[in-house]
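> I'll drop the sequence and a predicted model, then ask my questions.
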Amino acid sequence: MPQVKIGVVVSTKMQKSVVVKVESLRAHALYKKKIKRSKRIKAHDDLGVKVGQKVKIIETRPISANIHFKVQEVLE
């Protein structure tokens, strides 16, 4: 089953590709405090999204050396 992630578009400078910032919460191993972690994931874009839009990305076959996700839909 492919991974589905929700994030915010931070860059659209590539052709038909975008960079999506995905944030997650995890607990510190010793102190159990919630820590916000973020990842920048490159995704293929056929929809023409803009910077700042919230999108849902889904894992797919490797499209290039660094791109393994594609934009499924725009949420906001």
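Yep, it's here. Everything numeric in this text was worked out from a predicted model, so none of it was measured. Numbering: from 1, shown residues only.
> tell me the centre residue of the chain?
By C-alpha atoms, centre = their mean, the mean C-alpha position of the chain lies nearest to V20, the distance being 3.8 Å.
> for that one, what are its contacts?
With contact taken as C-beta atoms under 8 Å, 6 or more residues apart in numbering, V20 is in contact with 5, 7-10, 40-43, 55, 57, 69, 71. All C-beta spots, glycine's among them, are computed from the backbone N, C-alpha and C.
> how about the strands in this structure?
4-14, 17-27, 34-44, 54-59, 69-74 (DSSP state E).
> what lies in contact with the first one?
Outside strand 4-14, the residues within contact range by C-beta under 8 Å, 6+ apart are 18-23, 40-42, 45, 49-59, 69, 72, 75.
> quick one: buried ones out of these?
Neighbour-count burial (16 or more other C-beta atoms under 10 Å) is assigned, among these, to 18-20, 22, 41-42, 45, 49, 53, 55, 57, 69, 72.
> ok, for V49, nearest residue in space, not its chain neighbours?
What sits nearest to V49 in space, not counting adjacent residues and going by C-beta to C-beta, 6 or more residues apart in numbering, is V9, at 5.3 Å.
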